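Undergrad: Sequence and predicted structure are below.
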Protein chains: 2
Amino acid sequence: MPAAARGQARVSEAIVHRIKKQITEGRLLAGHKLPAEREMARQFKTSRVSVREAYRSLEEVGVLRIRRGADGGAFVLQLDHQPVLRSLALVLGLGRTSHRELTEARMLIEPPIARLAALRARREDIVRLQGVIAQEKIEAARRTGPFRPTASRFHRTVADCTRNLPLIVLMNALADLTADAAAVLDVSTRARHRLKNTLFHEQLFEAIRSHDGDAAYAIMAKHVGDIQRRVRHSLARRGQ
Amino acid sequence: MPAAARGQARVSEAIVHRIKKQITEGRLLAGHKLPAEREMARQFKTSRVSVREAYRSLEEVGVLRIRRGADGGAFVLQLDHQPVLRSLALVLGLGRTSHRELTEARMLIEPPIARLAALRARREDIVRLQGVIAQEKIEAARRTGPFRPTASRFHRTVADCTRNLPLIVLMNALADLTADAAAVLDVSTRARHRLKNTLFHEQLFEAIRSHDGDAAYAIMAKHVGDIQRRVRHSLARRGQ
DNA sequence: CGAAGGCAATGGTCCTACCTTTCCGCGCCG
DNA sequence: CGGCGCGGAAAGGTAGGACCATTGCCTTCG
C-alpha cells in the first residue's frame, strides 16, 4: 500500500485499507454485506463518490461483489485464489505467455506438492481423494459432462493435503490458467484420455495413502508430463 | 472479468477493460501517460466519475500510478510481479499465514527452479550471476549496506535463467513475501551468515555454469533448508 | 542572476440531481 | 381464492458542476 504509506492522503484509500484490514482480521466474513454507499458515506463523513471508488477498487481486486437493485449492495466474497489468478493472468498477458510455459511451471511444482501431500495426508484427506476419484469414474462412465471441473479437482485436492496455504493458492491459480488454455483439446482426445487420467489418479492415490512421498513425486511427474505432451501435440496438430 | 462478460454494463469497466487490453497488447507501455480525467471523459462521452473509478481500480490492482499536480496524471507502471504479490499478501492475510508455510513453499519450488536454470542458462546468464555474486562480496566486505536487496537478488537471477515467466513471477512474489517476514532476523545473525550465503551461492553458480541440474537442485535444497532453519531459530528465540 | 510568488494544469473531494435495476408487496382480475 | 402485474422503495450508476490541493513552470522583482 504505497499511497497509504505516504500519509493516507485519499479518503477512498483509507476506506479500502479499513475494509481490507477488517477482512484479514476476520471481522468481515464472506457473505457479509457492507453498508449502502449513502450510509457508508454518512459514517465516514464523506461523499458517495469516495465510497464508490473504494468499493469499486475492492471489486476489481476480487474482494467484493457489488449488486444493484433493492437489497443490493457490496458483499464480501470468499477469499480464495481468485485475486491471485486475476493478477497472474494480467501479468502474464493472457496469451503473451505460451501454454508451454504454464504447463512447465505446473510440471515443476506439482511433483513436490504430491510428495508433501503424501507425507501430510490425514485420514479425512484420503476419504476426500477417494470421493473425487469415485466421482471421476461416474462421469467417465456416463461419457458426458464437462471434462474440466473434475479433471483439475483431483489435483487441487492433492494440493489441499499439504495444508500449506501459499502452495494451495498458487497451485489453484496455475490450474485455472492452464485449464483455460487446455480448452483447445478436442472432445475425442479428451474422451480417449479420460480413462488414462483416472488410472494415474488411482496410482497417485495409492502412493498418498501409503504415505510414500517419493512414489507420489514420480507418479505426478509422469502424469503432468503426459498431460503436457498431449496438449502440445494437440496444439501442433491445429497449427498453433 | 466476470462483470465484463455480463455485458459491459458499467462504463467504468469498459474503460478498465480497454486499458488492460491496450497494455497486454503492448500498445501502452510502462511510463506512458493516460489522458487526463477530463479529457478521457470527453473522449468516452461520459463523466469524470466513471473515468476516475476506472483509473482508481487500475491503480489498486497495480497497473497505474496516479500523480497529482501540474504534469500529473495516470501513468502506466512496469508490469512486474507486484500485482501478484499484492493479491497473494491479501489472500494469505498478511500474518494469518505463518512464515513457516512461506519458506516451506520456497523450499518446494526453488530446487526445481535451480535445476531448470542450470539446464537453460546461457552465457549472458552466467555473466549476470557472476556479477551478482561479485556485488555480494563487495557488500560483505563493507560489512554494511542493507542485507535484503542483494540476498534475494541472486535467487531472482537464478529464476530468470529458466526463461519461464510464470515461474519467475511466482518466485519473485514469494521472495518478497518471505523477505518482509525475514526482517525479524537480527543484525548479528545476518552478518554471521552472510559469508555462508555467498559460499552457497558460489557452489550453486558452479553447478549452473556446468549445466549440472541435479547438483543445482541439491545445493539449492540445502541452501533454502538452511535459511528456513535459521529463521525458525530466530523466531523461536524471540518467542514468535 | 537568483529567488520568490503567481499561474495553470491536473487530480481529489463534494454536492446534487436523475436514471436504471431489482425486489417486494399490494391490489386487480380471472 | 389464487395468480399475475404494476408501482413504490431501495440500492447502485451516471452526469455535470464547483471548489480545493498539489505541483511544475514562468514571470517578475530584488
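TA: Done, it's in.
Undergrad: Could you say which helix or strand holds the residue nearest to the spatial centre of chain A?
TA: The C-alpha lying nearest the average C-alpha coordinate of chain A belongs to A:Asn172 (CA atoms, centre = their mean; 3.3 Å). Using DSSP states H and E, A:Asn172 sits within helix A:165-181.
Undergrad: That helix versus helix B:165-181: what angle between them?
TA: Angular relation of helix A:165-181 and helix B:165-181 on a 0 to 180 degree scale: 160 degrees, by axes from the mean of the first three to the mean of the last three CA atoms, to 10 degrees.
Undergrad: now helix A:165-181: mean pLDDT?
TA: The pLDDT scores in helix A:165-181 average 90.
Undergrad: on contacts alone, who are the packing partners of it?
TA: Using 3 or more CB pairs under 8 Å, 6 or more residues apart in numbering or on different chains; DSSP states H and E, the elements in contact with helix A:165-181 are helix A:82-92, helix A:99-120, helix A:148-161, helix B:82-92, helix B:99-120, helix B:165-181. Placement of C-beta: from N, CA and C, glycine included.
Undergrad: buried ones in that helix?
TA: Using 16 or more other CB atoms under 10 Å in any protein chain shown as the test for burial, helix A:165-181 gives A:165-178, A:181.
Undergrad: Same question for stretch A:19-27.
TA: When neighbours are counted by 16+ other CB under 10 Å, the buried residues of stretch A:19-27 are found to be A:Ile19, A:Lys20, A:Ile23, A:Thr24.
Undergrad: Cross these against helices and list the overlap.
TA: When the buried residues of stretch A:19-27 are checked against helices (DSSP state H), the matches are A:Ile19, A:Lys20, A:Ile23, A:Thr24.
Undergrad: Might one say that the last one is in contact with B:Val91?
TA: Translated: A:Thr24. No. Checked against CB atoms under 8 Å, the pair A:Thr24 and B:Val91 is beyond contact range at 9.4 Å.
Undergrad: Can you pull out the low-pLDDT segments for chain A?
TA: Filtered on pLDDT under 70, chain A yields the residue ranges A:1-8, A:94-95, A:142-151, A:181-192, A:237-240.
Undergrad: So which bits of it are right by DNA strand C?
TA: With CB under 7 Å from any atom of the strand as the criterion, chain A meets DNA strand C at residues A:9-12, A:45-50, A:53, A:68-72.
Undergrad: Also within reach of DNA strand D: list those from the residues you listed.
TA: Among the residues of chain A next to DNA strand C, proximity to DNA strand D is found for A:Ala9, A:Arg48, A:Val49, A:Arg68, A:Gly69, A:Ala70, A:Asp71, A:Gly72 (CB under 7 Å from any atom of the strand).
Undergrad: Which one of those residues is nearest to DNA strand C?
TA: A:Gly69 (2.3 Å; CB to the nearest atom of the strand).
Undergrad: if we can go back for a sec, just the buried residues of the ones next to DNA strand D among the residues of chain A next to DNA strand C.
TA: Buried subset of these (neighbour count, 16+ other CB under 10 Å): A:Arg48, A:Val49.
Undergrad: what angle do the top helix by length along chain A and helix A:148-161 make?
TA: What stands out as the longest helix in chain A, according to DSSP H, is helix A:213-237. Here helix A:213-237 runs at an angle of 150 degrees relative to helix A:148-161 (the same axes, to 10 degrees).
Undergrad: how does chain A divide up, domain by domain?
TA: Listed domain ranges for chain A are A:2-76, A:82-237 (source: automatic domain parsing).
Undergrad: chain center to the last one, what's the gap?
TA: Domain A:82-237 sits 12 Å away from the centroid of its parent chain (CA atoms, centre = their mean, to the nearest Å).
Undergrad: Same check on the shortest one?
TA: Offset of domain A:2-76 from its chain centre (CA atoms, centre = their mean): 24 Å.
Undergrad: Spell out whether that domain and chain B are in contact.
TA: Yes. Applying CB under 8 Å from any CB of the partner chain, one finds domain A:2-76 touching chain B at A:3, A:12, A:16, A:20, A:24, A:49, A:52-53, A:56-63.
Undergrad: For chain A, what lies in contact range of DNA strand D?
TA: Where chain A comes near DNA strand D, counting by CB under 7 Å from any atom of the strand, the residues are A:9, A:36-38, A:48-49, A:52, A:55-56, A:66-74.
Undergrad: try 6 Å
TA: Neighbours of DNA strand D within chain A, by CB under 6 Å from any atom of the strand: A:Ala36, A:Glu37, A:Arg38, A:Ile66, A:Arg68, A:Gly69, A:Ala70, A:Gly72, A:Gly73, A:Ala74.
Undergrad: Columns secondary structure on top of the residues you listed, output as a markdown table?
TA: Shown next, in a markdown table, are the residues of chain A next to DNA strand D (DSSP: H, G, I helix; E, B strand; the rest coil):
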| residue | secondary structure |
| --- | --- |
| A:Ala36 | coil |
| A:Glu37 | helix |
| A:Arg38 | helix |
| A:Ile66 | strand |
| A:Arg68 | coil |
| A:Gly69 | coil |
| A:Ala70 | coil |
| A:Gly72 | coil |
| A:Gly73 | strand |
| A:Ala74 | strand |
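Undergrad: Out of those, which is nearest to B:Leu79?
TA: Of all these, B:Leu79 sits closest to A:Ile66, with 26.0 Å by CB to CB.
Undergrad: What residues are recorded as beta-bridge partners of the closest one?
TA: Counting by DSSP bridges, A:Ile66 is bridged to A:Ala74.
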